[in-house]
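S.K.: Here you go, sequence then predicted model.
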Amino acid sequence: MKDIRILVIAVVLIAFSFTGVIVRVASVEGQTGESSGDKKMSGGGMMGGGMMDREGMKEMMQRMMPDMLPPGIKPEALPEPDSRGAKLLSRYCTQCHNLPSPAMHSAVEWPAITNRMFSRMSMMSGMMGMMNVENPSSEERQTIVAYLQAHSMRTISPGALPAPESKGAVLFRETCSQCHSLPDPQLHTAAEWPKVLERMRGNMDAMKKKVISEQDRKTIEEYLMSHARK
Ligand code: HEC
Ligand code: HEC
């Protein structure tokens, strides 16, 4: 089932990519006479124009499924940015979308997610070379997963929340488990939580989720601050 879904995504991606690229090149050339659309192609290959390059593929994925892709962080924002794990993550996991943060998912969740990504890479790197995707070795895969797990999010099961019946707990549970599991309120101090919430507002916007009202943000903030790490 999952394989079929991935295949459909890949095929749609390819179909979409060529029409998108051709339309864009045509319209750019029509307007200015210079072909800035060339940036989307990387020489030689199909349609007399060429394969999609990385940036072209990422841009298109972002257009097609912004709600499903990590909004992305900067490589220098990764924990231990000079470690081999961080380097491999930056190299392999930015081929189709922005760089995912290890803190987005728990250590328990990462293996299933990375397996989904690895099978895409295997498949797409094998697709007649059309997609230009690099496939990590099994040793590199292990290093990536270990790195993600080492810097993953500490989560809490909804049943273990403090003051579980309070309005804050209910809103927190509903709002903050849409893209990842529920983070443990003890993850941050009261001073840190407001900044995290502010960043999540940006993530909600980027991933096309309903951005929470100011009122709800405040209720969640108060809840997290009162159960924060001391
Ligand atoms: C070949 C293209 C491709 C590569 C390379 C790739 N991804 Fe993805 N990724 C996708 C697609 C397509 C989606 C959206 C569908 C989905 O979630 O499966 C996605 C979504 C995601 C998401 C958001 C969904 C979620 O469950 O939170 C995360 C996180 C993610 N990828 C992590 C990674 C990591 C880590 C790597 C490197 C090991 C990686 N990706 C490499 C194609 C790719
Ligand atoms: C639209 C999707 C989305 C929603 C909804 C969301 N998050 Fe996140 N969250 C992310 C992404 C993406 C990351 C990893 C990148 C980052 O840290 O910004 C993340 C990471 C985190 C982290 C780990 C990073 C850190 O600074 O500790 C915490 C904690 C967190 N979210 C808390 C929350 C809370 C609290 C809410 C509810 C107000 C929430 N999230 C709602 C997308 C989301």
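M.R.: Received, thanks. All values derive from a computational prediction rather than experimental measurement. Residues are numbered from 1 along each chain as shown. Ligands and ions are numbered 1, 2, ... in the order given.
S.K.: quick check: domain ranges of the protein?
M.R.: With domains defined by automatic domain parsing, the chain comprises 1-66, 70-153, 158-226.
S.K.: Which of those domains has the lowest mean pLDDT?
M.R.: Among these, domain 1-66 has the lowest mean pLDDT, at a mean of 54.
S.K.: Skip the chain neighbours and tell me the closest residue to the spatially most central residue of the chain.
M.R.: Ranked by distance to the mean C-alpha position of the chain (C-alpha atoms, centre = their mean), the top residue is Pro70 at 1.7 Å. Sequence neighbours aside, Pro100 is the residue nearest to Pro70 in space, at 3.9 Å (criterion: C-beta to C-beta, 6 or more residues apart in numbering). Glycine gets a C-beta too; all of them are placed from N, C-alpha and C.
S.K.: ok, back up a step: could I get the phi/psi values of the residue nearest to the centre of the chain?
M.R.: phi -60, psi 130 (degrees, to the nearest 10).
S.K.: Up against ligand 2, what does this protein have?
M.R.: 70-71, 73, 101, 103-104, 153, 175-176, 178-180, 183, 187, 196-197, 199-200, 203-204, 207, 209, 220 (C-beta under 6 Å from any ligand atom).
S.K.: Ligand 1 contacts on the chain?
M.R.: Taking C-beta under 6 Å from any ligand atom as the measure of proximity, the chain contacts ligand 1 at 9, 65, 68-70, 92-93, 95-97, 100, 104, 113-114, 116-117, 120-121, 124, 133, 144.
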